[in-house]
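**Q** Could you work out the structure for the sequence below:
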Amino acid sequence: MLRVVWPINHACDLMKIDRLIISHLRNVSAAELTLCPGLNGLSGANGAGKTSVLEAVYLLGYGHSFRKGGRDVIVQDGSDRATVFAEIRVDHGRAVRRIGIERSRDGWRGKLDGVDVSTLSDLFRLAPVCCFDPGSHALMSGPSEDRRALLDWGLFHVEHHFLGRWRRYQRALKQRNALLRTNGADAWFDPWEQEMAEAATELERMRRVYVDALQEQVATVAGKLCPELGRAEVVFKDGWKDLTVDDLISRCAGWRTERIRDRERGFTRRGPHRADWRIRFASLGNVDHYSRGQAKLAALCLLLAQVLHHRAVLGVPPIVLLDDLPAELDGTHQARVIEFLRNQDAQVLVTGTGDLPADRLFHVEHGVVRCLDAT
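**A** Purely as a prediction, here's the structure:
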């Protein structure tokens, strides 16, 4: 599932990987791939290492995996570290940036153009990544945390001030939760709730503007990908539930009113950190009752709508990872997804056990990656 570690916000006008080098990542001991700017297919048997290649790209954009398990499981058995290196073409293809990330017992380490970085966020901005994997259907039925992370990922890339507001709110929220757990005096809450309210005002505004802007993209994507489900729209909830919050005063008053109940539970129950959004189709009922197939299509519509919006605002789409696409979608919907991404000029890495439509095809077997053709 999608989870987000926030990088520093910089827009790059072209973000495509030319060369990818992987070392000691799960069952991939060593691999070097020269990727094409379009559709890259990775074919092979289950467990061959295809998903590990996608995972390597994902690490460059997030600093953690989309697969289950702790951080150390990505390191190959018998090795003390896993590394991923990539050459990223930027500036309309006129320049190349070299980025690398390493996971060892000492934690994460990153390099940018051969120089150690003080924060991995310096790397993440160069490789914005969207990922559709076999667990993505849970984006609709799972916890709001994952959907909120997806929303904020999109906002981070297109809204310059979002990261600062998000960090400010999270810092104040952490302090309020600490006071709730330690039974802090009421007077101690006031400055943190004021801080939360000020950050929340802008945070909520940005989210609503983004969701409103995304409505057209969601309808466009759904019309191309799954027109049989009817017109799609995004439904947004701000996290306040039954509380009406329109200004700073009402936000602070809402948190003051909730202190007794929040003390009992040890955390802040309402606010932007509880926001949620989902996609709703005209021909379907409650989103909680979607079938697995419908949930997959709904999740994919949200992801692809963000790809469309990212390209519209920044001029380029993010890198798109599609793990085991043939197993997740039928042939008709696969073709629609591929056509959509080709029209967006997106760099795509797609895996499957059989034939794959690709501009460049790789075969993966026992962790060994071999290019079958090059265009």
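**Q** tell me which residues of the helix or strand in which E204 is found are tucked away?
**A** Following DSSP states H and E, one finds E204 within helix 186-225. Residues of helix 186-225 classed as buried: 189, 192-193, 195-204, 206-207, 210-211, 214, 217-222, 224-225 (neighbour count, 16 or more other Cβ atoms under 10 Å). Where C-beta positions appear, they are placed from N, C-alpha and C, glycine not excepted.
**Q** residues contacting the closest residue to G49 other than its chain neighbours?
**A** With Cβ to Cβ, 6 or more residues apart in numbering as the criterion, G49 has its nearest non-adjacent residue at 4.3 Å, and that residue is G367. Taking Cβ atoms under 8 Å, 6 or more residues apart in numbering, we find G367 in contact with R26, N27, V28, S29, A31, A48, G49, S52.
**Q** Using ChimeraX, define a selection of the buried residues within the residues you listed.
**A** To isolate the buried ones among the contacts of G367 in ChimeraX, judged by 16+ other Cβ under 10 Å, type:
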select :26,28,29,31,48,49,52
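**Q** Max pairwise distance over the contacts of G367: which two?
**A** S29 and A48 (13.1 Å; Cβ to Cβ).
**Q** I'd like to know which elements the lowest-mean-pLDDT helix or strand in the chain is packed against.
**A** Lowest on mean pLDDT, DSSP states H and E among the helices and strands of the chain sits helix 121-124, with a mean of 76. Applying 3 or more Cβ pairs under 8 Å, 6 or more residues apart in numbering; DSSP states H and E, we find helix 121-124 packed against helix 50-62, strand 95-104, strand 107-112.
**Q** mind giving me a markdown table with these and columns for distance to D72 and mean pLDDT?
**A** Converted to a markdown table, the helices and strands packed on helix 121-124 look like this (distance: least, Cβ to Cβ, whole Å; pLDDT from 0 to 100):
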| stretch | distance to D72 | mean pLDDT |
| --- | --- | --- |
| helix 50-62 | 13 | 93 |
| strand 95-104 | 8 | 91 |
| strand 107-112 | 10 | 91 |
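**Q** Out of the ones you listed, which gets nearest to R259?
**A** Closest approach to R259 among the helices and strands packed on helix 121-124 is made by helix 50-62 (35.3 Å; Cβ to Cβ).
**Q** Let me know the angle separating the closest one from strand 95-104.
**A** 110 degrees (axes from the mean of the first three to the mean of the last three Cα atoms, to 10 degrees).
**Q** following the helix or strand containing E145, which helix or strand comes up?
**A** Per DSSP H and E: E145 is located in helix 144-158. As assigned by DSSP H and E, the chain's next helix or strand after helix 144-158 is helix 162-181.
**Q** What lies in contact with that following helix?
**A** Helix 162-181 is contacted by residues 6, 8-9, 152, 155-156, 184, 188-189, 192-193, 195-196, 198-200, 202-203, 206, 255, 259, 262-263, 265-268, 271-273 when judged by Cβ under 8 Å, 6+ apart.
**Q** Average pLDDT for it, rounded please.
**A** Per-residue pLDDT over helix 162-181 has a mean of 95.
**Q** Could you shift the numbering so residue one becomes 20, and keep it that way?
**A** Happy to do that; since the first residue is 20 now, the last one works out to helix 181-200.
**Q** centre of the chain versus that helix, how much separation?
**A** In terms of Cα atoms, centre = their mean, to the nearest Å, the centre of helix 181-200 is found 21 Å from the chain centre.
**Q** Give the buried residues for that helix.
**A** Neighbour-count burial for helix 181-200, with 16+ other Cβ under 10 Å as criterion, is recorded at 181-182, 184-185, 187-189, 191-192, 194-196, 198-199.
**Q** Equivalent analysis for stretch 375-393, please.
**A** For stretch 375-393, burial by neighbour count (16+ other Cβ under 10 Å) applies to L375, A377, D378, R379, L380, F381, H382, V383, G386, V388.
**Q** and what of stretch 349-358?
**A** H352, Q353, R355, V356, I357.
**Q** Can you pull the poorly scored residue ranges out of this structure?
**A** Low-confidence segments of the chain (pLDDT under 70): 20-33, 89-90, 110-112, 261-265, 393-394.
**Q** what's the burial count for the nearest residue to R38 once chain neighbours are set aside?
**A** Spatial nearest neighbour of R38, excluding adjacent residues (Cβ to Cβ, 6+ apart): E106 at 4.4 Å. As a burial measure, E106 scores 16 neighbours (other Cβ atoms under 10 Å).
**Q** how about E106, what does it touch?
**A** Neighbour list for E106: I36, D37, R38, V115, R116, R117 [criterion: Cβ under 8 Å, 6+ apart].
**Q** Specify which member of the residues you listed is nearest to I93.
**A** Looking across these and measuring by Cβ to Cβ, the closest to I93 is I36, at 18.6 Å.
**Q** quick one: the helix holding E164 to chain centroid distance?
**A** Worked out by Cα atoms, centre = their mean, helix 163-177 lies 7 Å from the chain centre.
**Q** Which of the contacts of E106 are buried, as a PyMOL select command?
**A** Those of the contacts of E106 that count as buried under 16+ other Cβ under 10 Å are selected in PyMOL with:
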select buried, resi 36+37+116+117
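**Q** All set now, cheers.
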